[in-house]
Structures are given as C-alpha cells and as structure tokens.
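Student: next come a sequence and a model predicted from it.
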Amino acid sequence: MVARRAEVLTRAIVSGALSVVFGRMGHMRTVTDVERRHRLARRHALAPGHHATDPVAATRAMTVLHATEAPTVYVSLWARVDGLTVADVDRALYDDRTLVKQLAMRRTLFVFPRELLPAAWGSASARVAAAHRVRLAKDAERAGIADDGAAWIDAAERATLARLADGAELSAQELREQVPELTGHLHVSPGKSYGGHFPIAPRVLTQLGVEGKIVRGHNGGHWRTARPRWTAMETWLGEPPEPAKEREGFAELVGRWLATFGPGTEADLVWWLGGTKAAVRGALADVGAVEVAFEDGRPAYLLPQDDAEVPSVEPWAALLPVLDPTVMGWKERDFYLGPHGPLLFDSNGNAGTTAWWDGRIVGCWAQDPDGVVVLNVLEDVGADARSALEAEAARLTAWLGGHRVSTVYPSVAMKEAVRP
C-alpha cells in the first residue's frame with residue numbers, strides 16, 4: 001500500500017498535480033481562522049475544561065514539548081495540567097521515564113512521549129545525526145584533533161559508550177575527565193564576541209544523543225537549569241525498540257503533528273519537521289491526509305475523518321513560556337500572532353513568552369526582580385481579558401514561588417515589561 005501511494009505521489013509531482021493525491025476534487029471545506037483558534041484551544045489543552053490530566057497526556061496532546069531551555073518544559077505543562085507540581089514533571093521525566101529528552105527536528109531538543117521515540121530515531125533525528133556527523137568530522141580535522149575526523153568520531157563514541165556501559169550517569173565534564181578520547185577544543189568564530197575555545201566533548205555527546213545511543217538522564221541542577229547527566233539509552237529505558245524505517249517515522253511524526261496542529265500547510269510541516277518537501281509529501285500521502293482551504297484560499301491538510309467543524313469554546317486566557325510548542329508549532333502564524341511578531345520573536349525566530357486571549361497572542365509576560373509575573377499587553381483587549389490575564393499572572397507567580405526563570409531569548413516586549 002505504501003509503495004502504491006508513493007507511485008501515485010511521484011506521478012502527481014511530475015504532472016504538477018499534487019493536490020489530486022489528497023483529494024482536491026470539487027469544493028473544499030474552508031477552515032476559518034476563528035475555527036483554527038478553537039481547535040488550538042481544545043487540542044493544545046489550553047482552554048478551561050480541556051486541560052490534560054497529567055504531564056504525559058499534555059505532552060502527547062502537543063506531540064512533543066520544546067526543551068531547549070529547561071524551564072519551558074515545566075511552565076508549558078503548568079499551563080495545561082491543573083494542579084501540576086514540579087514533582088509531577090520530575091516523576092514523568094526521571095522516575096517513570098514516560099517522557100524522554102531527544103534531539104530531533106531542526107536540531108532542537110524536545111521532550112517526547114516515550115512511545116514516539118522510534119519514529120524520531122528513524123527519521124528526523126537520523127537526518128540531524130547525518131548532518132551533524134559530517135560537520136563534527138570536519139571541525140575535528142580543522143582543529144587538529146585528528147587527521148581523519150570520521151574515524152576519530154567512531155573511536156570517541158566507542159570509548160564513551162564503554163565508559164557508560166556499567167549504567168553510570170555522568171556529566172559532560174566528568175566524561176571529559178574520564179574518557180581521553182573526548183579531549184580537545186575547537187576554536188569557534190575567531191574574532192567574534194561569542195567566539196572562543198570550546199571543548200569538543202559536548203559535540204560528541206550531542207552526536208551520540210541524536211543517534212539515540214545515550215540520553216540526558218537525571219538533571220544535576222535545579223529544575224530551572226539544564227545540567228544533564230548522560231547515560232546509555234539501554235540503561236535509561238531498558239532494551240530500547242528499533243528505530244522506525246525513515247518513511248514510517250516521518251509518517252508517524254506528520255500524523256501526530258496533524259492531530260495537534262492541523263490544519264496546516266506544507267510549508268508549516270517542512271519547517272516544523274526540519275525535513276524536505278519530498279519527505280513531507282510522502283508522509284501526507286501515507287497518512288491519507290485530506291485537503292481543506294484557509295480563508296485566503298491556501299491549501300492545508302488534516303487527518304482523514306478530522307475535517308468536521310470544531311465547536312467553539314468560551315474566551316480563555318493563558319500564559320506560555322519561551323519557545324512553547326503552541327507558539328512554535330507553525331511557520332505561518334498570522335492567525336494567532338497578528339502583527340506582534342517583531343516584538344515577541346528574535347531575529348532567528350525564537351519566541352519569547354506569550355500572553356494569550358481567546359486563541360490569539362496579545363502580549364507577553366516577564367518577572368520583576370522579586371519574581372512577580374508582570375504583563376505587557378500589546379493591544380486593547382478589554383476589561384474581561386485584562387482581568388483574566390492578571391489572574392493567570394497571579395497564579396503563575398504563586399506557582400513559581402519566588403524562583404526567577406531566566407532565558408537567553410528575551411524578546412523586545414519582555415524587556416519592556418520590566419523596564420524601570
């Protein structure tokens with residue numbers, strides 16, 4: 001069946017009629033921006049009455065959680081799970097291990113539901129691993145660490161895995177000290193303010209991690225900081241399952257994305273997946289995606305049997321952290337972001353904190369020196385919305401308990417929120 005779909009897809013691409021594959025026949029249903037925002041409220045567990053029951057359910061609802069910054073995982077879950085505690089998140093990450101950190105799409109660190117890991121290992125992570133290995137080999141040669149960078153990586157990986165074979169959990173520094181093959185530094189961006197000499201060991205650990213051979217185990221610091229202790233994947237998860245085949249892995253990820261973020265465009269999926277148009281088109285065919293239209297006539301895709309109109313929800317307020325998966329789920333964000341992008345995203349497309357009202361981003365939040373959450377609302381939202389957002393700010397202030405959450409991605413609006 002997959003082979004037959006691939007054959008049909010190839011013919012459609014050659015003929016310039018890709019839409020035929022997805023059933024673009026006659027009149028297509030239009031999904032309005034308002035309906036998209038209602039879908040978001042329900043599917044992303046953000047509207048009251050639609051929150052998730054626990055951290056695992058919330059993560060599955062979002063497909064994955066962004067984990068580039070450690071606090072994002074906790075605050076993303078706080079926004080979606082009533083009565084959440086830090087201990088609840090730690091239990092899922094470190095005791096039950098039903099949530100696992102894995103480098104994948106766009107060379108970004110995510111928290112995955114455990115059962116979704118094989119799909120990533122065989123597709124998005126494998127794509128990142130191949131590119132990272134080539135760059136690492138060249139950098140090792142350029143730095144004079146080895147004449148044959150590829151052989152050096154293989155030796156460093158074998159030595160690292162041998163050290164972790166007894167079930168140890170070690171920090172990057174401890175591994176550097178105990179594994180001679182990890183010795184060496186790279187001279188990065190000479191002459192730049194952000195340049196300097198950096199140990200190459202973390203690059204090797206990244207390579208092993210994206211390959212699914214090792215994993216970030218227990219955190220050696222506070223929940224607001226990332227100080228991972230690395231361990232073998234088989235130590236952490238037991239006998240890990242085999243990676244999915246590439247096409248099957250991409251189809252699984254695309255299907256999950258459509259369930260969470262659909263309808264979305266091909267451009268959205270190519271960006272989120274960090275893949276090629278061919279991979280996305282193949283996955284859309286494999287999951288039997290159906291085509292709908294946005295208000296402006298652009299084509300978008302949904303899972304089959306998911307094109308029924310979604311009921312409305314009452315207006316709702318939410319405060320989301322830096323790089324929250326809702327904010328980062330689409331490339332084309334106008335339906336919920338409006339004109340606020342330059343104030344809320346940096347030049348590389350990294351989102352700061354956001355404040356939401358009724359399915360739209362209307363501002364952001366930050367913390368003052370005492371840890372109190374303060375709002376920066378960028379438009380006139382009315383008294384009811386302002387009151388609801390202030391209630392969320394008070395709730396988040398209480399939950400953080402005086403702990404200040406730092407970030408390397410402060411937006412212009414976040415800085416304005418706490419400017420004297």
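Tutor: Done, it's in.

Student: now the strands for the protein?
Tutor: Per DSSP state E, the chain carries strands over the ranges 30-31, 65-66, 99-103, 109-113, 185-188, 196-199, 214-219, 228-232, 290-294, 299-302, 317-320, 354-357, 360-367, 373-377.

Student: so what touches the fourth one?
Tutor: By that I understand strand 109-113. 56, 59-60, 64-68, 73, 93, 98-104, 120 (Cβ atoms under 8 Å, 6 or more residues apart in numbering). Using the backbone N, CA and C atoms, a C-beta is placed for each residue, glycine as well.

Student: next one: the fifth one
Tutor: Contacts of strand 185-188 from elsewhere in the structure, counted by Cβ under 8 Å, 6+ apart, are 139, 143, 195-200, 203.

Student: pLDDT of stretch 97-117, averaged?
Tutor: Averaged across stretch 97-117, pLDDT comes to 98.

Student: start to end distance for it?
Tutor: 12 Å (Cα to Cα, to the nearest Å).

Student: now stretch 258-265
Tutor: 10 Å.

Student: and that stretch, how far from the chain's centre?
Tutor: 15 Å (Cα atoms, centre = their mean, to the nearest Å).

Student: which residues does the residue lying closest to residue 342 once chain neighbours are set aside contact?
Tutor: Setting aside the residues directly before and after it, residue 342 is nearest to residue 412 in space (Cβ to Cβ, 6 or more residues apart in numbering), at 7.2 Å. By Cβ under 8 Å, 6+ apart, residue 412 lies in contact with 342-344.

Student: export stretch 378-393 as PDB, just CAs?
Tutor: C-alpha atoms of stretch 378-393 as PDB (Å, rounded to 0.1, in the frame of the first residue of the first chain):
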ATOM      1  CA  LEU A 378       0.300  44.900  23.300                       C
ATOM      2  CA  GLU A 379      -3.300  45.800  22.300                       C
ATOM      3  CA  ASP A 380      -6.600  46.800  23.800                       C
ATOM      4  CA  VAL A 381      -8.200  43.600  24.900                       C
ATOM      5  CA  GLY A 382     -10.900  44.900  27.100                       C
ATOM      6  CA  ALA A 383     -11.600  44.600  30.800                       C
ATOM      7  CA  ASP A 384     -12.600  41.000  30.900                       C
ATOM      8  CA  ALA A 385      -9.500  39.800  29.100                       C
ATOM      9  CA  ARG A 386      -7.200  42.000  31.200                       C
ATOM     10  CA  SER A 387      -8.800  40.600  34.400                       C
ATOM     11  CA  ALA A 388      -8.400  37.000  33.200                       C
ATOM     12  CA  LEU A 389      -4.700  37.600  32.200                       C
ATOM     13  CA  GLU A 390      -4.000  39.200  35.500                       C
ATOM     14  CA  ALA A 391      -5.500  36.200  37.300                       C
ATOM     15  CA  GLU A 392      -3.200  33.900  35.300                       C
ATOM     16  CA  ALA A 393      -0.200  36.100  36.200                       C
END
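
Student: circling back to that earlier point, would you write a ChimeraX line that selects the buried entries of the contacts of strand 185-188?
Tutor: Listed next is the ChimeraX selection for buried residues among the contacts of strand 185-188, using 16 or more other Cβ atoms under 10 Å:
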select :139,143,200,203
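
Student: what's the lowest-pLDDT member of the contacts of strand 185-188?
Tutor: Among these, residue 195 has the lowest pLDDT, at 63.

Student: re the thing from before, turn the strands of the chain into a markdown table, columns for distance to residue 388.
Tutor: As requested, the strands of the chain are exported to a markdown table (distance: least, Cβ to Cβ, whole Å):
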| stretch | distance to residue 388 |
| --- | --- |
| strand 30-31 | 26 |
| strand 65-66 | 24 |
| strand 99-103 | 29 |
| strand 109-113 | 28 |
| strand 185-188 | 46 |
| strand 196-199 | 45 |
| strand 214-219 | 33 |
| strand 228-232 | 37 |
| strand 290-294 | 28 |
| strand 299-302 | 30 |
| strand 317-320 | 4 |
| strand 354-357 | 7 |
| strand 360-367 | 11 |
| strand 373-377 | 11 |
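
Student: just name the most buried of these.
Tutor: Each of these was scored by mean neighbour count; the highest is strand 354-357, a mean of 26, by mean count of other Cβ atoms under 10 Å.

Student: state the mean pLDDT of that strand.
Tutor: The model assigns strand 354-357 a mean pLDDT of 98.

Student: which other helices and strands does it contact?
Tutor: Here strand 354-357 touches strand 317-320, strand 360-367, strand 373-377, helix 383-400, going by 3 or more Cβ pairs under 8 Å, 6 or more residues apart in numbering; DSSP states H and E.

Student: from the contacts of strand 185-188, pick the one nearest residue 37.
Tutor: Relative to residue 37, the closest of the contacts of strand 185-188 is residue 203; by Cβ to Cβ it sits at 41.1 Å.

Student: my guess is the closest one contacts residue 139, does it?
Tutor: Yes. Between residue 203 and residue 139 there is a contact under Cβ atoms under 8 Å: 7.3 Å.

Student: can I see the domain layout of this protein?
Tutor: 2-114+250-302, 124-237, 317-417 (automatic domain parsing).

Student: what would these look like in CSV with distance to residue 311?
Tutor: Output for the domains of the chain, formatted as CSV (distance: least, Cβ to Cβ, whole Å):
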stretch, distance to residue 311
domain 2-114+250-302, 7
domain 124-237, 33
domain 317-417, 13
